[in-house]
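Enquirer: Sequence and predicted structure, then a few things I'm wondering about:
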There are 4 protein chains.
Amino acid sequence: MDFQISNRIQTIVSMIDEFVEKELIPLEPEFLTRPFRDMLPVLREKQAMVKRMELWAPNFPKDCGGMGISLLEHGLVSEALGKSPLGHYVFWCQAPDAGNVEILHAHGTEEQKKRWLLPLVQGEIRSCFAMTEVDMPGSNPVMLETTAVKDGTDYVINGHKWYTSSADGAKFAITMAVTNPEAPKYQRASMIIVPTNTPGFNLVRNIPVMGHEGDDYFSHGEILFEGCRVPQENLLGVEGHGFVMAQERLGPGRIHHCMRWLGVCRRAFDLMCRRANTRVISPSGETLASRQIIQSWIAESAAELESARLLTLNSAWQIDNVGASAARDSISMIKFVVANTMGRIVDRALQVHGGLGMTDDTILAWFYRHERAARIYDGADEVHKTALAKRILKTYA
Amino acid sequence: MDFQISNRIQTIVSMIDEFVEKELIPLEPEFLTRPFRDMLPVLREKQAMVKRMELWAPNFPKDCGGMGISLLEHGLVSEALGKSPLGHYVFWCQAPDAGNVEILHAHGTEEQKKRWLLPLVQGEIRSCFAMTEVDMPGSNPVMLETTAVKDGTDYVINGHKWYTSSADGAKFAITMAVTNPEAPKYQRASMIIVPTNTPGFNLVRNIPVMGHEGDDYFSHGEILFEGCRVPQENLLGVEGHGFVMAQERLGPGRIHHCMRWLGVCRRAFDLMCRRANTRVISPSGETLASRQIIQSWIAESAAELESARLLTLNSAWQIDNVGASAARDSISMIKFVVANTMGRIVDRALQVHGGLGMTDDTILAWFYRHERAARIYDGADEVHKTALAKRILKTYA
Amino acid sequence: MDFQISNRIQTIVSMIDEFVEKELIPLEPEFLTRPFRDMLPVLREKQAMVKRMELWAPNFPKDCGGMGISLLEHGLVSEALGKSPLGHYVFWCQAPDAGNVEILHAHGTEEQKKRWLLPLVQGEIRSCFAMTEVDMPGSNPVMLETTAVKDGTDYVINGHKWYTSSADGAKFAITMAVTNPEAPKYQRASMIIVPTNTPGFNLVRNIPVMGHEGDDYFSHGEILFEGCRVPQENLLGVEGHGFVMAQERLGPGRIHHCMRWLGVCRRAFDLMCRRANTRVISPSGETLASRQIIQSWIAESAAELESARLLTLNSAWQIDNVGASAARDSISMIKFVVANTMGRIVDRALQVHGGLGMTDDTILAWFYRHERAARIYDGADEVHKTALAKRILKTYA
Amino acid sequence: MDFQISNRIQTIVSMIDEFVEKELIPLEPEFLTRPFRDMLPVLREKQAMVKRMELWAPNFPKDCGGMGISLLEHGLVSEALGKSPLGHYVFWCQAPDAGNVEILHAHGTEEQKKRWLLPLVQGEIRSCFAMTEVDMPGSNPVMLETTAVKDGTDYVINGHKWYTSSADGAKFAITMAVTNPEAPKYQRASMIIVPTNTPGFNLVRNIPVMGHEGDDYFSHGEILFEGCRVPQENLLGVEGHGFVMAQERLGPGRIHHCMRWLGVCRRAFDLMCRRANTRVISPSGETLASRQIIQSWIAESAAELESARLLTLNSAWQIDNVGASAARDSISMIKFVVANTMGRIVDRALQVHGGLGMTDDTILAWFYRHERAARIYDGADEVHKTALAKRILKTYA
């Protein structure tokens, strides 16, 4: 075992740290008060800087224009980017595009790659992933109601999706639909590329989440497919393989979230320590840092963050070296461990800020309310815990 | 000891339960999406209904137009009202007006009562309480920077307040300012009634909290006093007694919050149980209610809520029967116990709702983000814990 | 609602507090190092004092020689007694005899009462309750393997019991055995009085628990019934009603445990506060009491203890006034709430004592290891949580 | 970064796993019921087997007869050994001898090494470390009262130590005593080798811990130094350097404990999973493993164990590669993280065993009561948390 980080990645991480500090964090007050769409011009400038620094699309494959770093390396990169909600977007390794790139890269035809993958990796377009359905637990494949019925050379899609993140402004949606209703339950669905300007693809609304509808990239769409017709050549991979491909996508997808959350933890931790050091609480100039309760939060947060970090990097290493399937237990663990670690650290950081923590004068209140979803999406804590336990218990049978 | 609740209060609580269910909860979708000011007309209609039901201003003294119920009784009333964020406002027992009524009733001159107390109890005007200062820990009286200097028959007030809740739309602010800078540290400040239309009283902004500035009653103002001149007859009580009066106000004030939070707990608990019973998670129709993890949350929540409830009612009983001073320990306890119980129950309820819990389709996301402040205002958890412990440890000396 | 405690009970509690402090706590060092049997003579002296003080058998019915106080009153008494592991035994209201007295009083024939109940209430004999079986979850009535088969005018009992507390030295065992194997599952078993000197009643061993076998009252027996023959007139109540009677016994039985645990909490809390006040940790004489982490434990412990206390007293009040059946939810709650509260407070008190807490120089290490069972016996936490939740969820159906 | 474990260590760990399973765990029932001294003959046989397997003294330096594996490697070895309380003793890498070996190796004269170090590494003798004093917080160097006064060529030692682990049966005690009372506070004390048969070295008692005095290796001595005279050549290292050397010893000493605790976690986890799989709780044959609450404990335990493990191995790697001083924060973290992880996992495993968990029929009750000390010795959780936080906060200054 060797915990040494390579010089190359150390350098990259330092560059990112500095960029986030100087270029992105100063944009956050605007991010917190204005529509995201208004920020697109300035963000495009920042993205141009990232391209010039040759740090664009760090984890995307080299053959389609990314840097092609390993997942473990991306863990370290992502921890640096995640300090700001703008980090991943500006460096272009954000969900859900990252997952869609993986699917297109692995299963796309040459034509599909040319049309969708290349511009996506270049940042010319965005995409979304339409799987979750209203009132259907996403984790259960047999409970999918959206259908894609063949008609001539087309599929005709009908169904109702929600929580389709970043649908607003996306050029296409990778859509999960039942194509083979009579097949065994895990082989009923397929993934189909649906351009968002197709008639019958209706973005009903951006779902109001924690008091805001959001817009553009920062939004969660409710989509009604009504007789939405796309050519059958838009099928991704093999018909009926939708769930297999989704599983492939979700494993690494989960670790991407965890890596980003490490950055959220880091940022919240930094803010907590700085506030503790500067917040005067007595006329003699004592600060919050002098108080044992605050100290115990800082110590516990540091330990939890370091644990979550090692667990996540170990998971990435397993995926890099042994494969996503062997890393299944590890991925389940980090999904709930990192989400909860983030929850606790953000909560403590907010508390240390007192009334200020509730306001939008820091990023903490945004983390507090929006990152709460971490314990829910891509498998709630409870789903991962029980699934993990069942696999472990089998090894003791 | 007798845990029996009187028939009278049981009847009142049942009436309120029904009213909240039928008249207020249906208004919440509007509450979550529109400025509060837009709702004032419909809320005035509801308030008129409350007056006709003779349930107006339940805890205010009879001699100024309230129902005059005991604090213990108000605990039960408040638990029913707190189920909706609109409850206390519509029945007119909301903070900060409730605390201001107490101060005016106890310390106001006849003239002050006539001019400010009576219309306030009638619901004709609203008020606010300007104590907390930017970067000053509210809990520390010697760290107050706002001054009121005598000039002729006036006070001239200068200073910078924030988190002055409900300042937007208030007719007057009970303002804490240093009038006697040379006095012993707990005798430096006074409370002064400042009409909000006084020149020099500047509502700079409603502070953006959890993504929203809010408006009218649901807002937290930042106020700049710049040469704000009011007649000395606006002094409340004795000069230099500001902190003594604030202590008197804050003790019961804290219990008022706790009582309301019990209602938040109750509502979140109801939503959690209903969701567990109806959310289907398998094709065979099993619901979340069949899952042990959910069951354990429900059992723990029920036990924590019942504990918090008895603790709060016991505290109210102590204040009613022995006095606020004897109830100090109990008030400190409930301040952190109920705030944290609410936090846990709301969090679990949100989790049981999955993605839906993050949206504004239920009230849970609003509770989640706005009631987070409960662990901060009127003394953070940590302040109450250390203060309580020190008092307890003295009894063992 | 009225939280006032009557003068009579206040006086009784004060007398007990003093007795425990002066007469029982000084015996603890001996209790921790010698067989319990060696202490019987001195304990009989203390019991004689209790009888002279007219505080003997406080919760047993008056008509058989007890004081007949209400369950709520016994809650307060029990909290005082529970401060020492010797309290309940010396005042003669200890498990399992307390439960057996209730059963004999409710279901015994005149002959049974004369022979077993009266000497039991007088403290002339002890008893035990043989229900739990090795490898059978006690909570599941259909999984009982001990049988009592009629033969002439006798029952012949065969089976294997364990965790029969206090069997060592008991004069009789109320024994649960299947008498009607073909009946509906909740009507198969009966309770039978088995004198422990009956041939075929074999106390195989006292089970070593936490490093000690214990002896006499403080022991948990493993019992082998081998052709153990008792007259059918030893049947308690109606044949087949064993489980109904057990349910009757267990509800109040659980609250008896909770009430005693409150005393454990109280004692641990006292020790923690005294230690914090006296343990010097710096050359300048600062004590642990000056440290915020210790303060936060004390505050949290105080709040949890007061919560657990009110919850338990409320439960007792319900049983007194509405009946054990209506108090079911409340009893489930206190079973897990008080057990866990005790666990946390004892753990914190031990930690505050540092290395001393691990030794037998205080009672804390004994509480720590032996009272761990509280979360297991009479229904593990998890059993109560799921049962409670299911009942609650039904009310939302 | 590379999480791959070398083949060599994998082989060693497999050999140890098998040895612990086949040779040591079967001895535990005897360990739990008899004096340790009675087991010495059979343990010497096992130790001879270990020597034949060439796995003796794995972490001791090669030049004095150990295997000389790295600290990271010893982490993996120790995790395997720690599954049984007998593991480290039989493989001869147990505290406090391990620490004493380090001190003697680093600071001993050739003569001291020959006389004490070589036979100690060979397992011919045992030793102890006499630092902690009654009523003195061990963590505070200026609060040491034991003195060593020069008299001729001797030191004369007077003082009162306790919690001197394994003093019973030890041949010598490395003793911390004030030699230079006028020096700056961190330079007052020295370490002196005191043969336990020196007149004036009085082992007063083995302190009863959790109900047992223990004996021989498994004991904690109270020692009275009364005019105990040893030659000055028994001084270890430089006079006045006692605390510096203690710091050197305690850092790695702490990680040794953590590594052993990982083994305790592993064993408890195994027992929990096996019990869950085999404990039938319904007539239809369902086991505890089918219950979600149990599943969630297993998942959480697995994640916490893996986190604690990576954190500890990372700490060992830092000490191996960067030095103990640079690893200070990491060591503080693991001290409280692993101790608490162990506490939680053992507690859950015990709970899953129900009443059986309280008995001495499994090792869990022994772990539960004796390993509770982990959160106390070598710096209580709270000491490490505050120290860690202060160091972190300095980096933000």
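Expert: Nice, thanks for sending it over. Numbering: from 1, shown residues only, chains lettered A, B, ... in the order given.
Enquirer: can you pull the contacts of residue A:355?
Expert: Residue A:355 is in contact with B:132, B:162-163, B:373, B:376-377, counting by Cβ atoms under 8 Å, 6 or more residues apart in numbering or on different chains. Heads up, the C-betas are built off the backbone N, CA and C, glycines and all.
Enquirer: Please report which of those has the highest neighbour count.
Expert: For the contacts of residue A:355, the largest neighbour count, defined by other Cβ atoms under 10 Å in any protein chain shown, is 26 neighbours, found at residue B:163.
Enquirer: Make sure I have this right: that one is in a helix.
Expert: No: per DSSP: H, G, I helix; E, B strand; the rest coil, residue B:163 lies outside any helix segment and is strand.
Enquirer: Nearest residue to it in space, ignoring adjacent ones along the chain?
Expert: residue B:132 (4.5 Å; Cβ to Cβ, 6 or more residues apart in numbering or on different chains).
Enquirer: cool, residue A:101 as well?
Expert: Using Cβ to Cβ, 6+ apart and skipping residues adjacent in sequence, the residue nearest residue A:101 is residue A:60, 5.5 Å away.
Enquirer: count of neighbours near the one you found?
Expert: 25.
Enquirer: What residues does residue A:350 make contact with?
Expert: A:357-358, A:364-365, A:368, B:372.
Enquirer: just the helices in the stretch 1-150 of chain A please.
Expert: A:7-19, A:28-33, A:36-52, A:71-81, A:87-91, A:97-107, A:110-112, A:118-122 (DSSP state H, counting those that start in this stretch).
Enquirer: ok, now how distant is the residue nearest to residue B:163 from chain D?
Expert: Using Cβ to the nearest Cβ, to the nearest Å, residue B:132 is found at 26 Å from chain D.
Enquirer: Tell me the one of the contacts of residue A:355 nearest residue A:147?
Expert: The shortest approach to residue A:147 among those belongs to residue B:373, at 46.2 Å (Cβ to Cβ).
Enquirer: Give me the distance between that closest one and residue B:388.
Expert: Relative to residue B:388, residue B:373 is positioned 21 Å away (Cβ to Cβ, to the nearest Å).
Enquirer: One more: residue A:184?
Expert: Counting by Cβ to Cβ, the gap from residue A:184 to residue B:388 is 61 Å.
Enquirer: Among the two, which residue is more densely surrounded?
Expert: residue B:388 (25 against 9).
Enquirer: which of the contacts of residue A:355 lies closest to residue D:347?
Expert: residue B:376 (32.4 Å).
Enquirer: so residue A:194 sits in a helix?
Expert: No: Residue A:194 is assigned strand when assessed by three-state DSSP, not a helix.
Enquirer: Contacts only, for the residue of the stretch 251-397 of chain A found nearest chain C.
Expert: Of all residues in the stretch 251-397 of chain A, residue A:292 sits closest to chain C, at 3.6 Å by Cβ to the nearest Cβ. Counting by Cβ under 8 Å, 6+ apart, residue A:292 makes contact with C:291-293, D:382, D:386.
Enquirer: tell me the pLDDT at the nearest residue to it once chain neighbours are set aside?
Expert: Nearest residue to residue A:292, sequence neighbours excluded (Cβ to Cβ, 6+ apart): residue C:292, at 3.6 Å. pLDDT for residue C:292: 97.
Enquirer: any idea how far residue C:292 is from residue A:294?
Expert: For residue C:292 relative to residue A:294 (Cβ to Cβ), the value is 8 Å.
Enquirer: In three-state terms, how would the residue in chain A sticking out farthest from the centre be classified?
Expert: In chain A, residue A:284 marks the outermost C-alpha relative to the chain mean, sitting 45.6 Å out by Cα atoms, centre = their mean. For residue A:284, the secondary structure call by three-state DSSP comes out as coil.
Enquirer: Tell me which residues touch the residue nearest to residue A:260 when sequence neighbours are not counted, please.
Expert: Closest residue to residue A:260 in three dimensions, ignoring its sequence neighbours and counting by Cβ to Cβ, 6+ apart: residue A:82, at 4.0 Å. By Cβ under 8 Å, 6+ apart, the contact list for residue A:82 reads A:88, A:259-264, A:266-267.
Enquirer: Tell me which of the helices of the stretch 1-150 of chain A sits nearest to residue D:306.
Expert: When those are compared by Cβ to Cβ, helix A:71-81 sits nearest residue D:306, at 16.0 Å.
Enquirer: Now for residue C:292 and residue A:294: what residues contact both?
Expert: Shared between the contact lists of residue C:292 and residue A:294 (criterion: Cβ under 8 Å, 6+ apart) are residues residue B:382.
Enquirer: Up against chain C, what does the stretch 151-300 of chain A have?
Expert: Within the stretch 151-300 of chain A, the residues that sit near chain C (Cβ under 8 Å from any Cβ of the partner chain) are A:291-293, A:296.
Enquirer: so the closest residue in space to residue A:241 that isn't next to it in sequence bridges to which residues?
Expert: Distances taken as Cβ to Cβ, 6+ apart put residue A:190 closest to residue A:241, at 6.8 Å, once the chain neighbours are dropped. Beta-bridge partners for residue A:190, by DSSP bridges, are residue A:177.
Enquirer: Tally up the residues packed near residue A:190, please.
Expert: Counted with other Cβ under 10 Å, residue A:190 comes out at 23.
Enquirer: Does it touch residue A:240 like I think?
Expert: Yes: under the criterion of Cβ atoms under 8 Å, residue A:190 makes contact with residue A:240 at 6.1 Å.
Enquirer: Identify the contacts common to those two.
Expert: Common neighbours of residue A:190 and residue A:240 (Cβ under 8 Å, 6+ apart) are A:179-180.
Enquirer: Check the contacts of residue A:350 and tell me the two furthest apart.
Expert: By the measure Cβ to Cβ, A:364 and B:372 form the most distant pair in these, at 10.6 Å.
Enquirer: Comparing these two, which residue is more hemmed in?
Expert: Using other Cβ under 10 Å, the more surrounded residue of residue A:364 and residue B:372 is residue A:364, with 26 against 23.
Enquirer: can you tell me which residues contact the more buried one?
Expert: By Cβ under 8 Å, 6+ apart, residue A:364 lies in contact with A:268, A:271, A:346, A:349-350, A:353, A:357.
Enquirer: Leaving out sequence neighbours, find the closest residue to it.
Expert: residue A:350 (4.8 Å).
Enquirer: do residue A:146 as well
Expert: Leaving aside its sequence neighbours, residue A:146 is closest to residue A:159 (2.5 Å, by Cβ to Cβ, 6+ apart).
Enquirer: that older thread, now, among the residues of the stretch 151-300 of chain A next to chain C, which is nearest to chain B?
Expert: Using Cβ to the nearest Cβ, those come closest to chain B at residue A:293, 4.9 Å.
Enquirer: gap between residue A:77 and residue A:344?
Expert: Distance, residue A:77 to residue A:344, by Cβ to Cβ: 24 Å.
Enquirer: Count the residues that sit near residue A:149.
Expert: Burial of residue A:149 is recorded as 14 neighbouring residues (other Cβ under 10 Å).
Enquirer: Hmm, it is touching residue A:178, no?
Expert: No: judged on Cβ under 8 Å, residue A:149 makes no contact with residue A:178 at a distance of 9.1 Å.
Enquirer: for stretch A:29-39, how far is the first residue from the last?
Expert: End-to-end distance for stretch A:29-39: 11 Å, by Cα to Cα, to the nearest Å.
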